[in-house]
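A.B. asks: Next comes the sequence, and after it the predicted model I'd like to discuss.
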Amino acid sequence: QVQLQESGPGLVKPSQTLSLTCTVSFGSITYNSYYWSWIRQPPGKGLEWIAYIASGGSAYYSPSLKSRTSISRDTSKMQFTLQLTSVTPEDTAVYYCAMDLYPKAFGAWGQGTQVVA
């Protein structure tokens, strides 16, 4: 069973950089390859995919956020991180991490973390 847990600040001042970490535990399941994603949901809006990083390290970003977003992973710690620069109030959202065997698929989710900018 896969478990994901987001962590990071709940409040970020405008113009600052938001940094979130997702810690993954596999339990008794081991994936040979996977895609680790960040998704967010602003209040009253739908889900928005932000970025994913593949097990080999290749990263892919939403075009609308690419200029401000960076995703990275530390496989030794089973963590991956999202950085979003120059935040504005429009970045206020619940941020989720997710993973799957396929890109932009989200079979397993974290519980989400509220960020207010």
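C.D. replies: Sure thing, it's come through.
A.B. asks: Tyr96 contacts Ile39, doesn't it?
C.D. replies: Yes: when contacts are counted by CB atoms under 8 Å, Tyr96 is listed as touching Ile39 (4.7 Å). Quick note: C-beta positions are derived from backbone N, CA and C, even for glycine.
A.B. asks: So which residue is smack in the middle of the chain?
C.D. replies: The centre of the chain sits closest to Trp38, judged by CA atoms, centre = their mean, with a distance of 2.5 Å.
A.B. asks: Look at that residue and report its pLDDT.
C.D. replies: pLDDT for Trp38: 97.
A.B. asks: Now do the helix or strand hosting it: which elements does it pack against?
C.D. replies: Element membership for Trp38 (DSSP states H and E) is strand 35-41. Under the contact definition 3 or more CB pairs under 8 Å, 6 or more residues apart in numbering; DSSP states H and E, strand 35-41 sits against strand 18-25, strand 48-54, strand 69-74, strand 93-100.
A.B. asks: can you list the residues that contact that strand?
C.D. replies: 20, 22, 24, 47-55, 71, 73, 80, 82, 91, 93-106, 112 (CB atoms under 8 Å, 6 or more residues apart in numbering).
A.B. asks: Next, the buried residues of that strand.
C.D. replies: Using 16 or more other CB atoms under 10 Å as the test for burial, strand 35-41 gives 35-40.
A.B. asks: Among those residues, which one sits closest to Gly8?
C.D. replies: Nearest to Gly8, judged by CB to CB, of the buried residues of strand 35-41 is Trp38 at 10.9 Å.
A.B. asks: Gln16 versus Ser58, what's the distance?
C.D. replies: 28 Å (CB to CB, to the nearest Å).
A.B. asks: out of these two, which sits in the busier spot?
C.D. replies: Neighbour count, other CB atoms under 10 Å: between Ser58 and Gln16, Gln16 has more, with 14 against 10.
A.B. asks: In this structure that one contacts Val87, no?
C.D. replies: Yes: if you go by CB under 8 Å, Gln16 and Val87 touch, sitting 5.9 Å apart.
A.B. asks: Check the spacing between the closest residue in space to Ser72 that isn't next to it in sequence and Arg73 real quick.
C.D. replies: Excluding the flanking residues, the one nearest Ser72 by CB to CB, 6 or more residues apart in numbering is Thr81, at 5.2 Å. Relative to Arg73, Thr81 is positioned 7 Å away (CB to CB).
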